[in-house]
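# what's the 3D shape of this:
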Amino acid sequence: MFELKNEKIAIPVVLFSGLIWSFGPLVVRYMSEPQLVIWQYIFARGLTIFILLNLYLFFEEGPNFYKNYFRIGFSGIIGGSGLGIAMVTFIYSITNTSAAVTLLCLAAMPFFTALVGFLFLKEKISLNVWIAILIATLGIIIIAFGNTEKNSLLGLIFGMTSSIGFSVFSVSLRWRKETPKFTTVAFAGFFCVALSTIFILNNGLNFFSSSYNGVMFSLHGTLVCMGLILYSIGSKAIPAAELTLLSLTEVIGGIFWIWLPLFGVNEIPSTNTVIGGFFLFMSIIYYSLTIKTNRRFIALN
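Residues are numbered from 1 along each chain as shown. Sure thing, here's the model as predicted:
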């Protein structure tokens with residue numbers, strides 16, 4: 001795998017990966033009635049991620065790349081399942097509430113990760129991180145009070161579940177560091193394919209939506225894979241603290257594209273979402289600055 005060791009080059013690479021991911025919510029908004037074809041979306045997106053990542057691994061590691069699946073272990077299965085659940089609940093969230101609420105829920109992932117690590121890996125949480133978690137919690141409560149309608153509140157809950165799923169994936173990588181991470185993500189794609197297949201067959205649905213929606217589903221999966229590969233290349237030279245800040249590119253970009261009238265969606269966040277989002281951003285900035293001396297790297301491989 002290509003290794004990038006120059007931090008000055010790695011930073012724009014990671015920023016660009018977040019920029020690519022930020023177009024995901026816009027793609028969802030361009031879909032034709034996505035709330036009616038959720039399981040077809042999950043199937044197509046999961047299949048795209050599974051195929052593209054296995055192709056990437058094949059070109060990177062050769063014909064024996066499949067042996068990685070024998071090394072993922074129990075932690076990889078847990079992490080891949082958590083990531084798969086995060087992918088499933090993401091689409092349920094964004095089709096029931098605003099993209100801003102869904103993305104801000106995902107922005108809280110560092111704090112859920114800290115809590116999951118504390119509960120299951122007995123990782124200590126410093127006072128500064130607890131303060132950041134409390135600030136983030138205040139932001140989430142403010143957002144919740146602005147989304148009291150049934151569907152919107154449901155979207156918020158799904159968004160929080162998605163964030164927790166991503167956190168389970170992150171903690172699983174620390175649980176067993178030798179777990180092949182790209183293979184675990186590919187397993188998450190397979191998890192989505194398997195789960196959606198069960199639901200589609202049980203409900204007598206078609207596997208595929210319209211050709212237009214099919215393109216949108218696959219495009220979203222492709223954006224995920226492209227961003228992931230760039231992120232993996234750049235993250236090797238950037239400590240975890242900086243990565244936390246750089247990850248805001250996805251959130252800010254996603255909210256901006258959805259709002260920008262040029263793209264025809266013009267989804268304006270509510271006042272509570274803006275205020276709560278401000279508290280979330282402040283908590284992440286505070287969190288990153290307080291662990292600035294932490295040179296721990298969390299690169300994917």
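
# got the buried residues for the one helix or strand residue 50 maps to?
Taking DSSP states H and E as the criterion, residue 50 maps to helix 38-61. By neighbour count on 16 or more other C-beta atoms under 10 Å, the buried set for helix 38-61 is 39-54, 56-57, 61. Where C-beta positions appear, they are placed from N, C-alpha and C, glycine not excepted.

# right, and the helix or strand after it?
Criterion used, DSSP H and E; the element after helix 38-61 is helix 73-94.

# same for that next one, what does it pack against?
Where contact means 3 or more C-beta pairs under 8 Å, 6 or more residues apart in numbering; DSSP states H and E, helix 73-94 is packed against helix 24-30, helix 38-61, helix 99-107, helix 150-175, helix 181-202.

# where in the stretch 51-200 of the chain is pLDDT low?
Counting by pLDDT under 70, the ranges of the stretch 51-200 of the chain that qualify are 148, 150.

# that older thread, got the CA coordinates for the helix holding residue 50 in PDB?
Coordinates of each C-alpha in helix 38-61 appear next as PDB, following Å, rounded to 0.1, in the frame of the first residue of the first chain:
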ATOM      1  CA  ILE A  38     -34.400   1.900   1.700                       C
ATOM      2  CA  TRP A  39     -33.600  -1.800   1.600                       C
ATOM      3  CA  GLN A  40     -32.800  -1.700  -2.100                       C
ATOM      4  CA  TYR A  41     -30.400   1.200  -1.300                       C
ATOM      5  CA  ILE A  42     -28.800  -0.700   1.500                       C
ATOM      6  CA  PHE A  43     -28.400  -3.700  -0.800                       C
ATOM      7  CA  ALA A  44     -26.800  -1.800  -3.700                       C
ATOM      8  CA  ARG A  45     -24.600   0.400  -1.600                       C
ATOM      9  CA  GLY A  46     -23.400  -2.500   0.500                       C
ATOM     10  CA  LEU A  47     -22.700  -4.600  -2.700                       C
ATOM     11  CA  THR A  48     -20.800  -1.700  -4.200                       C
ATOM     12  CA  ILE A  49     -18.600  -1.200  -1.100                       C
ATOM     13  CA  PHE A  50     -17.900  -5.000  -0.900                       C
ATOM     14  CA  ILE A  51     -16.900  -5.300  -4.600                       C
ATOM     15  CA  LEU A  52     -14.800  -2.100  -4.800                       C
ATOM     16  CA  LEU A  53     -12.900  -2.800  -1.500                       C
ATOM     17  CA  ASN A  54     -12.100  -6.300  -2.500                       C
ATOM     18  CA  LEU A  55     -10.900  -5.100  -5.900                       C
ATOM     19  CA  TYR A  56      -8.700  -2.600  -4.100                       C
ATOM     20  CA  LEU A  57      -7.300  -5.300  -1.800                       C
ATOM     21  CA  PHE A  58      -6.700  -7.600  -4.800                       C
ATOM     22  CA  PHE A  59      -4.600  -4.900  -6.500                       C
ATOM     23  CA  GLU A  60      -2.800  -4.000  -3.300                       C
ATOM     24  CA  GLU A  61      -2.100  -7.500  -1.900                       C
END
